[in-house]
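*Asks:* Requesting a structural model of the entry that follows:
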Amino acid sequence: MAPKVWRGRSILWRIGLVLVAMVLAIALIVSAALATNTEHLTAPDTEMPEVGAPEPALTALPVDAPAPAKAALGKLIAPLAADPVVGDLTGVVIDNATGEQLWAKDAGRTRIPASSTKLLTAMAAYSIVPADNTLPTTLARGEAEGELVVIPGGNVTTAAAEESTFFPGSDSLDDYVELAESTGETFTKITVAPGPYEGPEMADGWNEADIPGGYLTRVQPWMLDAGRVDPEETESPREGQPMYAAAVELGSRLDVPESGVKLSGDPVPVQETIGAIDSGPLVERTRNILDDSDNVGADALCHEAAMHVTGIDHADPVTDGEAGYTDAESRVSIEEATDNVLRVLRDKGIDTSGTELADCSGMSRENRISADVLAQVLHLAAGPEANPQMRALLDGLPIAAGSGTLQDRFGEGSGAEDGAGWVRAKTGTLSGVSSLAGIVTTSDGRSLSFALMSEGTSPADARPGLDRIASLLRECGCR
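*Replies:* As a prediction, the model looks like this:
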């Protein structure tokens, strides 16, 4: 993946100032409600370097920062919400300190959410899976002479390169080569045993044309770089059969010809387990999935959460000398994964009436989520009741004009410059559909969650309009 470049010197300067304040803002969202946990907070050991002083230095936000008045906020948003560029707009703004709704426009109406779906997926994962959870891919000696058996465990982030590219901290295919070579054996064939996924590999509403387009691939439990053909390109075409492609690449590094590589739908007899290679931790994978909106990673994360509920993610993949996950209790379907997300949200007190998930990435146009549900998910991460692991969701959100899918937005001349560095939000884009859902700190120091959903106009028109609304929230004193 090519290195990301910061654009615009004044925007860079501004972001350099506000990122420190954003960290403080997130920490102070909870105000006095989290006072009992302050013993875990320590001052930095070193002083921050000077950035320059054209304006007063930023300081910690006051815990009693005033909230925007509903009437004043509504009056400011009204003309932007009525702008034709945002089409048919629904949205909501929530005060994170109190959970109170400050502004809403048809917030309960469900829409096609596009990639903002990933907020639900990440919240479900963070709610039930430890942040340091890893997924093992196991190697074993097959019964057949010279047979290396790979038992997938759900890791789609293995790096093809020696060092991770798209998913920092991930395992590398060279780790598998080293483990296989440590046996001193010469392998002549590679068999991939059944993994913990079952059912259709394409979700309802997916199009196979999006595989070479780089948006998705078949849901399979082992891949290199989330199925990318070119691991250095975020938008690289994906492999049509990513698990087979991973096995073929492993074979090429072990001098096993492609003719000796196969995927097995049945349990594979093995002599013994050689060892396992673990993925990177869940928190690192989720951060990348949110920041760069990786669809394949999101659907794998969704499966991981469902697998964790039953303990599949760390179950012994070899039973009675046979490798693989084959019975119904040890496999998870797309439908079971999406159902698990909705169950977790209901358990958190979110009303999911009318919410429909055909996938966990947002590529399906059959998904339906309301702006209210998106904002409630964000409030769970930013409000007084959030625990540190749930707050990790906020850390993965793209930064306006700074990172991920917001890197090229909120720039100079956009009309949304004031939101640069202050808005952190998940984007969502499909043909005729645009969404933006995230958090922002007002100029008075109040933390807000917001969700904006647009239909009926092109994303090229809608996105700047949504950005201007989010930026207005940053500017707002609104009293």
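
*Asks:* Show me the helices in the protein, by range?
*Replies:* Remark: helices assigned in the chain by DSSP state H are 9-28, 70-81, 117-128, 173-181, 242-253, 282-292, 295-310, 334-347, 371-382, 388-395, 459-475.

*Asks:* Between the ones you listed, which one is closest to residue 365.
*Replies:* helix 117-128 (11.2 Å; C-beta to C-beta). Where you see a C-beta, it was placed from the backbone N, CA and C, and this is true even at glycine.

*Asks:* one step back: weakest of the helices of the chain in terms of mean pLDDT?
*Replies:* Among the helices of the chain, helix 9-28 has the lowest mean pLDDT, at a mean of 43.

*Asks:* Of all the residues in the top strand by length along the chain, which ones are buried?
*Replies:* Across the chain, the longest stretch assigned as strand under DSSP state E is strand 268-278. Residues of strand 268-278 classed as buried: 268, 269, 270, 273, 274, 276, 277 (neighbour count, 16 or more other C-beta atoms under 10 Å).

*Asks:* now do stretch 315-330
*Replies:* 315, 317, 318, 323, 324, 325, 326, 330.

*Asks:* how about those in CSV, adding distance to residue 71?
*Replies:* Below are the buried residues of stretch 315-330 laid out as CSV (distance: C-beta to C-beta, whole Å):
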residue, distance to residue 71
315, 56
317, 60
318, 65
323, 65
324, 62
325, 57
326, 61
330, 56
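
*Asks:* Tabulate those residues in CSV, adding columns for pLDDT and distance to residue 337.
*Replies:* Putting the buried residues of stretch 315-330 into CSV (pLDDT from 0 to 100; distance: C-beta to C-beta, whole Å) gives the following:
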residue, pLDDT, distance to residue 337
315, 82, 17
317, 93, 19
318, 93, 24
323, 96, 23
324, 95, 19
325, 93, 15
326, 85, 18
330, 86, 14
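
*Asks:* Next step: those restricted to strands.
*Replies:* 318, 323.

*Asks:* And the buried residues of stretch 315-330, which is closest to residue 458?
*Replies:* Distances from residue 458 to the buried residues of stretch 315-330, taken by C-beta to C-beta, are shortest for residue 325, at 43.5 Å.

*Asks:* Not counting sequence-adjacent ones, nearest residue to that closest one?
*Replies:* The spatially closest residue to residue 325, leaving aside those adjacent along the chain, is residue 196, at 4.4 Å (C-beta to C-beta, 6 or more residues apart in numbering).

*Asks:* Determine which of the helices of the chain approaches residue 162 most closely.
*Replies:* Going by C-beta to C-beta, the one of the helices of the chain nearest residue 162 is helix 173-181, 5.4 Å.

*Asks:* any idea how far residue 161 is from residue 330?
*Replies:* 32 Å (C-beta to C-beta, to the nearest Å).

*Asks:* just to revisit the earlier point, let's have the buried residues of strand 268-278 in a markdown table, adding pLDDT and distance to residue 455.
*Replies:* Shown next, in a markdown table, are these (pLDDT from 0 to 100; distance: C-beta to C-beta, whole Å):
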| residue | pLDDT | distance to residue 455 |
| --- | --- | --- |
| 268 | 98 | 48 |
| 269 | 98 | 53 |
| 270 | 98 | 52 |
| 273 | 97 | 51 |
| 274 | 98 | 52 |
| 276 | 98 | 46 |
| 277 | 98 | 44 |
